[in-house]
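Peer 1: could you work out the structure for the sequence below:
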Amino acid sequence: MLLMHLDMPAVTAAARDYEAACEALPGASRAKCAEGVWANGAAAGVQTSGVLINGVSTPRIDIVAHRWYRWRMVYVSSGPYIVPSLPGCEVGLLAKDGIYLSTAPRPIMRGLMSTGQRADWVVRCPPGTHPFVSEPTNQTTGWMWQQQLASVVATDQNEAPCELPTFAINRPCYLADLTAATPDLAVPFALVGGGFNGTTYGGPGSSFVNLTIGTLVEFAIEYVDTHAFHQHVNPFQIAADPPDSFGGYFRKGDWHDGLFSPTFGPGPLRVRFQTDQYAGRQIMHCHFYSHSDFGQMAISTILGREGSTWPGAAAADPTCYTRTPAAPAVASASTCAACPPLGTSVCPVATPAVSNGSQSCTCRYVWSRGCSQPTGLELTCRG
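Peer 2: Predicted coordinates:
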């Protein structure tokens, strides 16, 4: 589910600024500098600003009442953040920025997503129409977008409610739990003055900090209540309880590659990560693009032998793995029925196999979404 905020008046203004700057160059002309799409403005009507879902404004999402659904969301924006919620329905958080929670699903009432952030939810609704919204907060920090995002229509098809399992996963050792480990290096910095510690981006040859590959690093970051910190290459783990959990959405031990909340306060907020496998330049920047475009960006240079890993991962988290993952530990079992395994024949007893000329065929049921009922038979023939 792609949630995209488009500020069309701002996009048109930026395109026209580009054209004007281009035309001021030696040898330029209006024809050579014509952007051709966004600078033209609206072909009809009035330009607006809003969030689209998969390219549609306020779509209708049809679901079956009492059935669990997985929503995999990514939010893209040039500026504002959203606080998505689904009042009247049950919501569980599975993962953020593509990394599962240590124990999932986690019941939540709302999320918080700045640009580029991802979230995996499980949702279940009773019969009726439910607004999927970006709700207001009591915070005045930052730029929050408020609107109804979609209408979720849950139709009663007499499905009995069931409960999903609660599970804990084992992680690869590059995502070992670092919350009790001792960092090899601690780096404090503040997202202030339009840059990092007041210094704006110095170009591709600059380096804000040098790190060593195969080590454990802690960043103590100030002002992630007004700036959305984002780091390329290595995701990071929240190392201490945040000042505010935003209703349980943020907790110690959660993994991110971008982090922002207007309820955190100035901080600092401590996060940890391993400089794992990859040497070279690692980009860090504010994910509010109007900030990064004007210099709130920096490079951390990772030095050492490519392919090195942190040797303390297994000691910090004995459950982590480097090759074959173990099955998740289930804290509470599911009461939801599972579909029959695809490799098992579930043909009617009277027709375990059929003949199709010289071919030998077997069949199995094709199940409807959610395994509520078989919708037909599928033949597999050999010979």
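Peer 1: ok, residue 164 touching residue 105?
Peer 2: Yes. The pair residue 164 / residue 105 is scored as a contact, 6.4 Å apart, by CB atoms under 8 Å. C-betas here are computed from N, CA, C, even on glycine.
Peer 1: what residues are shared contacts of those two?
Peer 2: 92, 122 (CB atoms under 8 Å, 6 or more residues apart in numbering).
Peer 1: comparing those two, which shows the higher neighbour count?
Peer 2: Legend: neighbour count by other CB atoms under 10 Å for residue 164 and residue 105, higher for residue 105 (22 against 19).
Peer 1: now do the contacts for that one.
Peer 2: 92, 93, 94, 122, 164, 166.
Peer 1: closest one to residue 113 out of those, please.
Peer 2: residue 93 (11.7 Å; CB to CB).
Peer 1: correct me if wrong: that closest one contacts residue 101.
Peer 2: Yes. Under the criterion of CB under 8 Å, residue 93 makes contact with residue 101 at 6.4 Å.
Peer 1: and residue 10, which of the three is it?
Peer 2: Assigned with DSSP: H, G, I helix; E, B strand; the rest coil, residue 10 falls in the helix class.
Peer 1: that one: how many residues sit nearby?
Peer 2: Residues lying near residue 10 (other CB under 10 Å) number 15.
Peer 1: quick one: residues contacting it.
Peer 2: Neighbour list for residue 10: 49, 78 [criterion: CB under 8 Å, 6+ apart].
Peer 1: separation between it and residue 115?
Peer 2: 14 Å (CB to CB, to the nearest Å).
Peer 1: got any residues that touch both of the two?
Peer 2: residue 78.
Peer 1: got the domain boundaries for this structure?
Peer 2: Following automatic domain parsing, one finds the domains of the chain at 2-168, 174-316, 337-383.
Peer 1: between those, which gets nearest to residue 324?
Peer 2: domain 174-316 (14.4 Å).
Peer 1: distance between the ends of the closest one?
Peer 2: One end of domain 174-316 to the other measures 11 Å (CA to CA, to the nearest Å).
Peer 1: one more: stretch 275-295?
Peer 2: End residues of stretch 275-295 are separated by 24 Å (CA to CA).
Peer 1: mean confidence for that stretch?
Peer 2: Per-residue pLDDT over stretch 275-295 has a mean of 93.
Peer 1: how far is stretch 15-34 from where the chain is centred?
Peer 2: Distance, stretch centre to chain centre, for stretch 15-34: 37 Å (CA atoms, centre = their mean, to the nearest Å).
Peer 1: can you check stretch 57-73 too?
Peer 2: On CA atoms, centre = their mean, the centre of stretch 57-73 falls 17 Å from the chain's centre.
Peer 1: show me what that stretch is in contact with.
Peer 2: 1-3, 50, 53, 84, 94, 113, 118-128, 132, 148-157, 159-162, 164, 336, 370, 372.
Peer 1: list the buried residues in that stretch.
Peer 2: Going by neighbour count (16 or more other CB atoms under 10 Å), the buried part of stretch 57-73 is 59, 61, 63, 64, 65, 66, 67, 68, 69, 71, 73.
Peer 1: quick one: terminal-to-terminal distance for stretch 38-52?
Peer 2: End-to-end distance of stretch 38-52: 17 Å, with CA to CA as the criterion.
Peer 1: what residues sit buried inside it?
Peer 2: Neighbour-count burial for stretch 38-52 [16+ other CB under 10 Å]: 39, 49, 51, 52.
Peer 1: buried among the contacts of stretch 57-73? Need that as a selection in PyMOL.
Peer 2: Burial among the contacts of stretch 57-73 is assessed by 16+ other CB under 10 Å; the matching PyMOL selection reads:
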select buried, resi 1+3+53+84+94+113+118+119+120+121+122+123+124+125+132+149+150+152+154+164+370
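Peer 1: tell me which of the contacts of stretch 57-73 fall in strands.
Peer 2: Per DSSP state E, strands hold the following members of these: 2-3, 50, 53, 84, 94, 118-124, 128, 132, 148-155.
Peer 1: and which of the buried residues of stretch 57-73 is nearest to residue 178?
Peer 2: Using CB to CB, the buried residues of stretch 57-73 come closest to residue 178 at residue 73, 26.3 Å.
Peer 1: which strands border the helix or strand that closest one falls within, and is each parallel or antiparallel?
Peer 2: If you go by DSSP states H and E, residue 73 is part of strand 69-76. According to DSSP bridges, strand 69-76 has the following sheet partners: strand 2-7 (parallel), strand 118-124 (antiparallel).
Peer 1: elements contacting the very next helix or strand once past that strand?
Peer 2: Downstream of strand 69-76, the first helix or strand assigned by DSSP H and E is strand 81-82. The contact analysis (3 or more CB pairs under 8 Å, 6 or more residues apart in numbering; DSSP states H and E) places strand 81-82 against strand 144-145.
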